[in-house]
Every structure is written in structure tokens, then in C-alpha cells.
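Asks: coords please:
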Amino acid sequence: MLQGGEDLDWSRFQRQMILPEVGLSGQTRLQQARVFICGMGALGNPALMYLVAAGVGQITLCDGDRVEKSNLHRQILFNETSVGQFKVSEAVQNVSSQDTDFKIIDVSLTPKNALELLAGHDLVLDCTDSFAARYAINDACVALGIPMVSAAIHRFSGQISVFNSEDGPCYRCFYPTPPPPDLIPDCSMAGVMGFVPGLFGLWQVQEACKIILGAGNILRGKMMLYDALTANVTYLKRKQRLSCICSGQPRVSFEFDNDVEEVEASAVLHKNQTEFLWLDVRESSELKGMPHNYPGIHIPLEELLDRLSEIDPKQSWLVVCKIGERSRTACEILKSRGFLRVKNLNGGLWALVREQRRNITP
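Replies: Numbers count the residues shown, from 1 in each chain. Here you go, the predicted structure:
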């Protein structure tokens with residue numbers, strides 16, 4: 001990889017190097033930056049193009065998908081001949097640059113490979129359309145101490161923020177747990193106007209360049225929401241949640257653990273209930289809607305770190321919530337703090353209710 005200097009033709013970047021916020025030192029920082037782009041779709045396409053144009057020296061592209069014809073109206077690096085090819089290889093082939101080194105990863109990022117794939121990078125752009133990938137990126141970035149520029153789009157609108165930057169919040173501070181899979185439709189069902197992800201992909205480049213250059217105010221601790229139909233811009237502000245995985249100091253001390261042990265609802269119904277106590281991490285307002293009579297304690301997820309003294313580490317705990325996602329986060333937090341005898345109720349109390357109904361004889 002070029003390190004900036006006599007091997008690089010600086011004249012290509014003359015117009016931005018005359019900016020006092022850039023100059024030779026800033027251009028060198030851009031050239032030495034190692035940026036990871038997860039998702040080479042409608043957000044990743046423009047993000048890649050403008051990061052290359054800005055002179056970012058090393059870019060890793062990660063996406064396991066192949067180009068489909070329905071992608072072409074918004075994924076502007078591809079054409080008819082790209083259909084059926086891996087998006088990452090087509091994107092590199094169609095971006096012209098002698099000043100950027102590319103690394104291609106044609107598999108999807110998952111919780112199991114996120115740490116390995118993201119390690120060694122300075123910055124991550126979340127250009128995915130998957131909640132599972134977004135949470136995996138966030139948790140790995142927290143563990144590795146890497147800032148994450150994340151954007152998401154829906155129809156004519158979208159959102160963007162910078163997570164895990166200095167003392168700012170991470171993605172889970174805004175959204176502690178993923179929504180149920182069938183709650184938020186993807187663009188294949190909801191639709192999307194082609195220029196909307198283009199706008200947000202460029203906004204991701206804007207934030208990425210500011211982070212690399214150390215210039216301006218980045219979207220740390222606030223999320224920008226834009227509606228293209230009304231041209232309205234609003235901001236959602238948030239600080240770190242005390243109960244979140246990113247609140248430990250230093251951040252890199254958090255032990256990223258993908259091996260939270262799951263207990264199936266069917267097993268719970270047939271097990272001796274004295275085997276473990278229940279730790280219910282739902283909000284207080286949820287308890288009346290779906291009560292249970294199992295022995296244990298109730299500590300909302302947001303209060304968990306402040307109330308660890310109430311949890312006996314010698315006991316075995318089954319951690320529960322409504323759909324099993326907040327409880328998994330709670331298990332990760334507890335394991336990172338030395339509580340090893342914790343298990344998650346897979347699917348949450350909803351799964352238990354469904355299992356109970358199946359076992360009722362008409």
C-alpha cells in the first residue's frame with residue numbers, strides 16, 4: 001500500500017488539498033486510512049465511489065450478495081452485465097483508482113466473523129440492510145474501539161449517525177434490541193426511491209472524511225433523520241446508556257461473546273423449575289401484559305449495570321424478555337462482568353406462550 005509521498009500523484013487531489021482543513025497532512029491521513037465498507041448495495045456504491053475519489057488509501061469491501069436486475073435503479077456501479085456477479089468484485093472492477101488498495105470479502109458479515117473481519121481497520125461504514133448485520137458490526141466495533149458510520153433508508157426517508165466515537169453512544173444505545181423480523185419490511189416490500197440511498201451514502205462519506213481528518217463536528221450522540229418528500233431534517237439526540245455494552249471503560253475491555261447459551265421454550269416447560277432463577281429484563285410497563293409465576297427477580301435492562309449486586313453469581317439464571325433479544329444483550333453484559341451461570345430464553349416469553357398453547361389438549 002502507498003503511504004503517501006513521492007509515489008502518489010498529489011495533483012489529483014489539488015482542489016481539496018487547498019482547503020485549510022485538509023492540506024498535505026490531511027491528504028496523507030486520508031491516504032493512510034483503512035476503511036471497511038460492509039454492504040455493497042445502494043449505500044455502499046456511492047460511499048465507495050467518493051471515498052476513492054477523496055483518496056482513501058485502503059478499502060475493504062464485504063458483501064456476500066450477487067447483483068440482481070432489481071438492484072440497478074439505485075446501485076449505480078452496476079449494469080446489465082453485472083447481473084449474477086458478486087457485488088464486491090463488480091464494484092472494484094467499475095471503480096477506477098490507482099491510489100487505493102482494495103480487499104474483497106465475498107461473504108456476509110455475521111456475529112461469528114465480525115471481530116476477525118473488522119480488526120485492523122480505522123473506521124467502519126455500515127451500509128447494510130440487515131438488522132442482524134448492523135448489531136454484529138456495532139458489537140464488534142465496541143469491542144475493537146472502532147467508530148462506525150451507519151445509515152439506513154426506507155422509502156423516501158433515512159437516518160444516519162456516528163456510533164462508538166470517543167465518549168459517544170453506540171447503536172444499541174439508540175436501539176437496544178432488534179425489532180421482530182416481520183415488523184420492518186425491507187425495500188423489496190416497502191420500496192425505495194433510487195436517489196435516497198445515494199444521499200445517505202454521500203452523508204456517510206462526509207462523516208467518514210471528517211473523522212479521518214479530525215475536522216468539523218461529526219454526528220456523535222445524535223441521529224439525523226431526513227424525509228425527502230418534505231425536505232424536513234430532524235435530529236434525535238442520545239447519550240450513552242449506562243446499561244449498554246459500550247459504557248464500560250475502557251471500551252476495548254468489553255469481552256465480545258457470541259456464545260450465549262440458549263434454552264428453548266419446550267425445555268423450560270419440562271425442566272425442574274428449581275434448576276435456575278429467572279431474571280426478567282423487561283420494562284416495568286410490560287409486566288402486566290405478559291406476567292409469569294416463575295421464581296426470580298425483575299431488573300429492566302437499562303438498570304442492569306447499576307443493580308448487579310442484586311444478582312447472586314453462585315445461582316444459575318435464566319434471562320428473559322419478550323422476544324429474547326434484550327435478554328441476550330443482558331447475558332452478554334453479565335458474562336462480560338464475570339457472571340458465567342446465565343442462559344437466555346430463546347424467543348423470549350412469546351416463544352414460551354406459543355409452546356404452552358401447543359401443549360394444551362383440546
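
Asks: Can you give the contact residues for stretch 165-184?
Replies: Identification of contacts with stretch 165-184 by Cβ atoms under 8 Å, 6 or more residues apart in numbering yields 131-132, 134-135, 137-139, 141-142, 147-148, 150, 154, 161-164, 211, 218, 220-221, 223, 236, 238-241, 244-246, 301-302, 321, 323, 325-326, 328-329. For the C-beta atoms, the positions are set from N, CA and C on the backbone; glycine is no exception.

Asks: Distance from the chain centre to that stretch, please.
Replies: On the basis of Cα atoms, centre = their mean, to the nearest Å, stretch 165-184 sits 8 Å off its chain's mean C-alpha point.

Asks: What residues sit buried inside it?
Replies: 165, 168-174, 176-178 (16 or more other Cβ atoms under 10 Å).

Asks: Q159 in helix, strand or coil?
Replies: The three-state assignment at Q159 reads strand, by DSSP: H, G, I helix; E, B strand; the rest coil.

Asks: And for it, the neighbour number?
Replies: Residues lying near Q159 (other Cβ atoms under 10 Å) number 19.

Asks: and what of S11?
Replies: Neighbour count of S11, defined by other Cβ under 10 Å: 8.

Asks: What of N164?
Replies: Other residues within reach of N164, judged by other Cβ under 10 Å, total 29.

Asks: Contacts only, for it.
Replies: With contact set as Cβ under 8 Å, 6+ apart, N164 has these partners: 138, 141-142, 145-148, 170-171, 246, 251.

Asks: Now S11: phi and psi?
Replies: Dihedral angles of S11 (phi, psi; degrees, to the nearest 10) stand at phi -60, psi -30.

Asks: Would you map the helices across the stretch 201-350 of the chain?
Replies: Ranges of helices within the stretch 201-350 of the chain are 265-270, 325-336, 348-358, based on DSSP state H, counting those that start in this stretch.

Asks: For S70, find the nearest of those helices.
Replies: Ranking the helices of the stretch 201-350 of the chain by proximity to S70 (Cβ to Cβ) places helix 325-336 first, at 29.7 Å.

Asks: quick one: that closest one to chain centroid distance?
Replies: For helix 325-336, the separation from the chain centroid amounts to 17 Å (computed by Cα atoms, centre = their mean).

Asks: Now do it: which elements does it pack against?
Replies: Under the contact criterion of 3 or more Cβ pairs under 8 Å, 6 or more residues apart in numbering; DSSP states H and E, the helices and strands touching helix 325-336 comprise strand 317-320, strand 342-345.

Asks: out of the ones you listed, deepest packed?
Replies: For these, the largest average neighbour count (mean count of other Cβ atoms under 10 Å) is found in strand 317-320, namely a mean of 26.

Asks: Now do that one: distance to the chain's middle.
Replies: The mean C-alpha position of strand 317-320 is separated from the chain mean by 25 Å, Cα atoms, centre = their mean.

Asks: Would you mind finding the most buried of the helices of the stretch 201-350 of the chain?
Replies: Using mean count of other Cβ under 10 Å, the stretch among the helices of the stretch 201-350 of the chain with the largest mean neighbour count is helix 325-336, at a mean of 23.

Asks: between that helix and helix 348-358, how many degrees?
Replies: Our comparison of helix 325-336 with helix 348-358, counting by axes from the mean of the first three to the mean of the last three Cα atoms, to 10 degrees, yields an angle of 120 degrees.

Asks: residue closest to the middle of this structure?
Replies: When Cα atoms, centre = their mean is applied to the chain, the residue found nearest the centroid is R134 (2.7 Å).

Asks: and the helix or strand containing it, what does it pack onto?
Replies: R134 is located in helix 131-144, with elements delineated by DSSP states H and E. Contacts of helix 131-144 with other secondary structure elements, assessed using 3+ Cβ pairs under 8 Å, 6+ apart, are made with helix 114-118, strand 123-126, strand 148-154, helix 171-174.

Asks: send the alpha carbons of the first one over as PDB?
Replies: Think helix 114-118. Output in PDB follows, covering the C-alpha atoms of helix 114-118 (Å, rounded to 0.1, in the frame of the first residue of the first chain):
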ATOM      1  CA  ALA A 114     -17.300  -9.800  12.700                       C
ATOM      2  CA  LEU A 115     -14.400  -9.400  15.100                       C
ATOM      3  CA  GLU A 116     -11.900 -11.100  12.700                       C
ATOM      4  CA  LEU A 117     -13.100  -9.100   9.600                       C
ATOM      5  CA  LEU A 118     -13.100  -5.700  11.300                       C
END
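
Asks: Good, wrapping up.
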